[in-house]
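Q: The following comprises the amino acid sequence and a computationally predicted model.
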Amino acid sequence: QVQLVESGGGLVQAGGSLRLSCAASGRTFSRYAMGWFRQAPGKERELVASISGSGGSTYYPNSVKGRFTISRDNAKNTVYLQMNSLKPEDTAVYYCAAGLTYLSTGDYGMDYWGKGTLVTVSS
């Protein structure tokens, strides 16, 4: 069982930056691929970044590529999402997730989810 707790959300102006953190419980953190997802009101949940267990492989969709960076510290059981050049359309609840199953490039079957942290970007 893995428990995930996100932090770092808040209100930021367009063009600003935020860093989200996700702390995981358990002793097998490095086995899990991690992902950051977001869901805006009235929209489907979407993947914004994923990282392999070792941290050697990352993936970003075009909507955030070049602005967001995912990283992890396996010694601290924590995954991060650095978000720069934020836009109002980045406003959403951001969730981190952990999974063991590789599906395709950047896509993993996620088994555990956090409760989310709200990011609001004002124009």
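A: Here it is on my side, so go on.
Q: After the helix or strand containing residue 35, which helix or strand is next?
A: Of the helices and strands defined by DSSP states H and E, residue 35 is found in strand 33-39. Remark: after strand 33-39, the chain's next helix or strand is strand 46-51, criterion DSSP H and E.
Q: helix, strand or coil for residue 109?
A: Using DSSP: H, G, I helix; E, B strand; the rest coil, the structure places residue 109 in strand.
Q: Just grab the bridge partners of the spatially most central residue of the chain for me.
A: Closest to where the C-alpha atoms of the chain average out (Cα atoms, centre = their mean) is residue 36, at 2.1 Å. Residue 36 has these beta-bridge partners by DSSP bridges: residue 49, residue 96.
Q: please begin residue numbering at 332 from this point
A: Right, with 332 as the first residue, what we last looked at is residue 367.
Q: Correct me if wrong: it contacts residue 424.
A: No: with contact defined as Cβ atoms under 8 Å, residue 367 does not count as touching residue 424 (11.2 Å). Glycine gets a C-beta too; all of them are placed from N, C-alpha and C.
Q: related to what we said a few turns ago, touching the strand holding residue 366 from outside, list them.
A: Strand 364-370 is touched from outside by 351, 353, 355, 376-384, 399, 401, 403, 410, 412, 421, 423-431, 433, 439, 441, 447, 450, with contacts defined as Cβ atoms under 8 Å, 6 or more residues apart in numbering.
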